[in-house]
Each structure stands twice: as structure tokens, then as C-alpha cells.
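>>> need a 3D model of the sequence below.
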Amino acid sequence: MNQSEKLFGLLRFILSIFLMIGLLKTPGGVPPLWAKPAGQNRSVKMMEFIFDEKTEKGVVRKTVIKAGFHRRHIQIQLQPRLGEGAFQFGRRVMRDWQTRFREILEYNHNRPLQVDRFVSFPFNSLNGSIQEVALRGLFPKDSAEEAGWVHRITYPDETLSFVAGVFTKRGVSATKLLKFNKLKNGGKSLGIGDKITIPWKWLRDELNLRPVAVRAPLKIGKDSAGKKYATYQLKKGETIYSSVVIRFTDRVLPQEVNRLSDRLLALNQVTDPEKIPLNKKLKIPLEWLSEEYLYDKTPKQVSKFSKSKKQNPDKPKPFQLNQAIHVILDAGHGGNDPGAISGSAKRGDLVYEDEVVYDIMLRMKESLEKKGFIVHPTVRDPNQSKPQRTLLKKDKDEVLLVHPAYRLENTKIGVNLRVYLANHIYQNLVHRQKIPRENILLMSLHGDALHESLRGAMVYYPDPRLRMKVFGLRSKVYRKRKEYKRRIRFSEDENEMSAESSKAFGRVIVKNLKKSGILTHQSKPLRSYHYRNGHRTLPAILRYSKIPTSVLVEVANLNNARDRRDILKAQTRQKIAGVLVKSIQNHTQRLFSLQVASR
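Numbers count the residues shown, from 1 in each chain. Okay, the predicted model is just below:
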């Protein structure tokens, strides 16, 4: 080592000593190693808030919280209550308090807790209720909007990483917020007042920033971390399956009902569903609830379709009763795909879904044509050209009426080809034959396979939230058909309009079913989606339909023994067909009457 290297080393040593004793400031204002934690920084401007906090006994007490923003960190200070030690204090204010309450001693510099002395906490160590109060106080211009929580930049040091770290769930990065908000310059040029929208699905649930409420008989509760949940008090004779899961979560498929029931039992620490204590309050996560019982109090925007005064090119032409009404009748399944199979030959109640709905379709077709409607069936069974008193035994020779015809061998291909066929019929009628759009209806017939405790018919209409923007497939099996189109596109206005028209038609169907004495689903006979594998979904024939008025009718629950026995009777199928035909008539006449009255 030469003389200069020795001198340089000595200077480095002296400099480090000066830094340690605080005679020099570190570059960039970085605090020296022994500096107090950020929460103790006296230069930070702390704001004081008072909020109502419930004790374990339900008593509401005023609680003081101090909060401040400094160097891209939120600082929180809280006071212990009289008689609270680290355990009780941590239980009240911390997340994961069971394992972290001893950290309070460290935050308080190992001094005894005193009622009049505030303790500084890292923001992420606190429960959702405390974090919510701090965020609402520090960022008073933030707001709940339909698209999500809108955060407004309030402090000069705020970054996109800070916003993501404070507001979003694990796995949602600053990059995702950058792309969603289409920020310029990589989000590095944020200024006071700039808006950053955090979609609701990305927002941390425990912050309770989304204003939601539940409808009776449910009530809102909170867990120790501040996360909200619904509660329901079980009554005598009620079961967790039909009285809770089916009723409040809108699950109807057997696997969905059973899966959620098991999770609900585990959440409420119930080991035997047959021995649930009377009047026990069950906790139900809010995200499980159906829209019927959970409603969002965030402000809703007026849909573009309903507020627009300009003529939309996709909007249907005025309904014209002097032109023929075209009905696209789709009998579900067929061929190698029989749909739901329920019952047994031994008991005499074996039923195949495709045979039931095909028979009803033929009955409807016959009746509609007599009344002057033009019917476009999507499926043909060469062995059955007329309705049968006794349903035929299962066969596999049904064909889909595309060109060339497709024998229904593959379920997925059959479903996709139905989409192409229905849309081709519609486009041909509108663009070549100049038929007004509202003179065309689509009705797809199916039989449900729900939880066996459920009974009755249901009607689905297309939910615009589940509609796709584009439908298009490239396989040769599709391209060789006349009905093939490379891409079928859907606009937001078109989807919203279709939901309105289809829902109105669905209401007419449900009303007529009830009036005629045909049983409908007890709690929700008209719906826009169902749950499968924990996610909302919609049958493809509705999800990709261009036809403004499109519905899918589930004529009965074939898993229910009584529904199954009824649907095997020819008079029941004829009655259902008659009601559906009447509903088509009522719907078209109602639209015509409304348009005449509005002139």
C-alpha cells in the first residue's frame, strides 16, 4: 500500500467518525444510522383526527389518531387506553396482533405505556379500521367512483409505488396502475391534484373504502382487523345450504352450493351442518353475497346508451308490427352432448335434457307458425319432426343447421357453431331483408341441473359486464361453414341496449309462467349470470349474441324429482310451450303499443 492510499483510508475513517457523531449531514438528506424512526420525526406535520371506535362490549368510544405524510411514508401515532398493556393495545389497533403485539414495546422504546403518551406505529402494522381513518384524513379529496377508488395526489413526494403499496392488494404493482391509468412518462411526473384510479378489484378489502351495505335480514359486522362481513342468525328449521348459501350467495349449481357451504362451515368453526346451534350468527364474506343482498353505494354513472341523445347506428329501428316477427329458436345440446341426464329407467323418470327441450321447441314452432311468426330453428333431429307424447329414447343424430350441416359430435364446436348460426341469421335478416332489429328474437331452451332442493323454471338475459368485445375463431371446422365470420364485434352501447331489451322480455316470460301456474325459481327466476368454479359466467349463446333481444329459458330443474316427473308429461311440455309463445306475442305487442303511445 503506497502513501496516498494510506492517506485516503485515514480520511475515510475520519469522515465516518464525523458522520457517526452528527457533525456532518449525509448526502441527499439521508438520516444517520442512529436517527429516530420516521414515526418519531418531530419535523413532520401531524394532523389529529377523532373517530368512533367500538369496544368488544359494543360501547362506542372516541379515539384520537395522529397521522402525517413524510418522505413517502405515512406516520401514525396512537394512545393506549387506561389499563391497556401491550397485548390489549395491540389487539385493538394492530393487524396480525397475536404475533406482533410485542413490537409495541419496541415502537415505544421499551418505556412503560402511558395514557397521555402517543406511540408511533408503522402504517402497515395497523388494522384496516385505523388505516382507513388515516387515509381518509390525509387524503380528503379521494373519492369512491364507479370505476374504483380515485386517489388525488396531495403531497409532492407521492409516487406510484407509494400509492400501490398503500391502497392495493398483494400482487398489484405500480406498473399495473401505470397501464390502467395510462400515465405519461412512466408515472414519474405526478403533480398535486393528479388522479389515480384504483379499480375496486385491486383495492385492499380491509381498508373498507368501498361504500357497501347489505339488505335485511343480513347485517354488517367487522372482524378484529376491521374487515367487514355479513351476519345472519339461523332460525329454527333452516339449513346452511338452502337458507344461507343458495339464498344469499345466488349459487345454484350443486358443486357451487356444496363448495361454498363447506367453506362457510369452516369459517364459522362448525363441524356438523346438522348440529348448528339455534340462533347462531353466521359470518358470510361480503364478496360471496349476491347483488340482491349486497349493494354498492358508490355513485353510478349514467350509461352511455341511456344518456346519449345522438342516434346510435347500432340502435334498433322502430318496431313494426306490419312486418313479420322472426324467432330464432335454439334447442340446447343434442348429438353426443345430451345435456343434463337425471332420474333412472328403473324408476321410470329417466330424462335427457336435449330430448325435453327439442320436443318443446317443436311445439313452439308449430304454434308460432300458425300465428304468423317466422321461426328459424338451429337444430334438427331426423327422427322427430313433430312433438311426441312420450319422449323418444336418447339418440345421437341431431344436426346443427349450418351450411354444410354439422352433426353434433363435439360439444365445444357445437356451441361455437350455434353462435355463428344465430348471428348469421340475424345479420341476413337485418342487412339483406331489411327486417327491423326489434322484429327479431332469440330464445334458447335448456333444462337445469341445479341443487336438488331447487325447483322451477328460470330465464337468463345477457349481462353487459360479461359480454365480450370480439368473438372470432380460426379453426377449419368453422371457416368451411357459410355462416363463418372472422370477427363478430360488440360495442358497449349495443351490449347495454341488449341487456335492457332482453331483461324486459324475460320479465314478461316469468310473469306469464307464474300466472299459468308453472313453478319458477323461488328467489330469483330472472338472472343475468350464474356461478361456475367460483366465477360469474353466461352461456355462450347469450354472451356472443348480436340479437338485441336474446334470452335463455331453463324450463325446469331436472335434478329435482318433482320437476323431472312433471316435465316427462306431454301436457306440461305443451303448457310451457304455450306460455313461451304467449310471452313472445305479449312482448312484441307491448313494444308496438309503447311506440305508438310515444308518437
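>>> residues in contact with residue 446?
Applying CB atoms under 8 Å, 6 or more residues apart in numbering to residue 446 gives the contacts 332, 333, 339, 353, 357, 539, 552, 553, 554, 555. Glycine gets a C-beta too; all of them are placed from N, C-alpha and C.
>>> run a quick neighbour tally on the closest residue to the fifth one other than its chain neighbours.
In space, not counting the residues next to it along the chain, residue 357 is nearest to residue 445; the distance is 4.0 Å by CB to CB, 6 or more residues apart in numbering. The burial count assigned to residue 445 is 27, neighbours taken as other CB atoms under 10 Å.
>>> and residue 445, bridged to which residues?
On the basis of DSSP bridges, residue 445 is bridged to residue 331, residue 553.
>>> distance of it from residue 373?
Using CB to CB, to the nearest Å, residue 445 is found at 16 Å from residue 373.
>>> now do residue 526
In terms of CB to CB, residue 526 sits 23 Å off from residue 373.
>>> what about the two, which has more around it?
The residue with more neighbours, out of residue 526 and residue 373, is residue 373; 20 against 17, by other CB under 10 Å.
>>> before we move on, back to that, for the residue nearest to residue 357, give me the pLDDT.
With respect to pLDDT, residue 445 has a value of 98.
>>> residue contacts, residue 562?
residue 455 are the contacts of residue 562 under CB under 8 Å, 6+ apart.
>>> coming back round to it: quick one: the contacts of residue 446 as CSV, columns for neighbour count and pLDDT too.
Listed next are the contacts of residue 446 as CSV, based on neighbours: other CB atoms under 10 Å; pLDDT from 0 to 100:
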residue, neighbour count, pLDDT
332, 27, 95
333, 25, 95
339, 22, 94
353, 27, 95
357, 29, 97
539, 19, 92
552, 23, 98
553, 24, 98
554, 29, 97
555, 27, 97
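>>> name the residues that touch the stretch of helix or strand residue 232 belongs to?
Per DSSP states H and E, residue 232 falls inside strand 228-233. For strand 228-233, the external contacting residues (CB under 8 Å, 6+ apart) are 208, 212, 214, 217-223, 244, 248, 279-286, 289, 293-294.
>>> pull out the buried residues from these.
By neighbour count, with 16 or more other CB atoms under 10 Å, the contacts of strand 228-233 hold 208, 212, 214, 218, 244, 248, 282, 284-286, 289, 293-294 as buried.
>>> dump those into TSV; add secondary structure as well.
Below are those laid out as TSV (DSSP: H, G, I helix; E, B strand; the rest coil):
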residue	secondary structure
208	coil
212	strand
214	strand
218	coil
244	helix
248	helix
282	strand
284	strand
285	strand
286	helix
289	coil
293	coil
294	strand
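>>> coming back round to it: was I right to think the residue nearest to residue 357 contacts residue 328?
No. With contact defined as CB atoms under 8 Å, residue 445 does not reach residue 328; the gap is 11.4 Å.
>>> can you list residues touching both of those two?
In contact with both residue 445 and residue 328: no residue, using CB under 8 Å, 6+ apart.
>>> what sits closest to the residue nearest the centre of the chain if chain neighbours are left out?
Residue closest to the mean C-alpha point of the chain, counted by CA atoms, centre = their mean, is residue 536 at 6.2 Å. Leaving aside its chain neighbours, residue 536 sits nearest to residue 529 (4.4 Å; criterion: CB to CB, 6+ apart).
>>> how near is the one you found to residue 258?
20 Å.
>>> who has more neighbours, the two?
Applying other CB under 10 Å to residue 529 and residue 258 shows that residue 529 carries more neighbours, namely 20 against 14.
>>> reformat the contacts of residue 446 into TSV and put distance to residue 147 next to each item.
Shown next, in TSV, are the contacts of residue 446 (distance: CB to CB, whole Å):
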residue	distance to residue 147
332	36
333	39
339	39
353	40
357	40
539	28
552	29
553	34
554	33
555	39
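>>> ok, those residues vs residue 46, which is closest?
Nearest to residue 46 among these: residue 539, at 56.3 Å, using CB to CB.
>>> ok, the closest one touching residue 552?
Yes. The pair residue 539 and residue 552 passes the contact test of CB under 8 Å, sitting 5.6 Å apart.
>>> just the CA atoms of the strand ranked longest in the chain, as CSV, please.
Longest strand in the chain by number of residues (criterion: DSSP state E): strand 60-70. The C-alpha trace of strand 60-70 is given here as CSV (Å, rounded to 0.1, in the frame of the first residue of the first chain):
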residue,chain,number,x,y,z
VAL,A,60,-68.7,3.4,21.2
ARG,A,61,-65.6,5.4,22.4
LYS,A,62,-64.0,8.5,20.9
THR,A,63,-60.4,7.6,19.7
VAL,A,64,-57.7,10.1,18.8
ILE,A,65,-55.3,9.3,16.0
LYS,A,66,-52.4,11.5,14.7
ALA,A,67,-51.3,11.0,11.1
GLY,A,68,-48.8,12.6,8.8
PHE,A,69,-47.0,12.1,5.5
HIS,A,70,-43.2,12.3,5.3
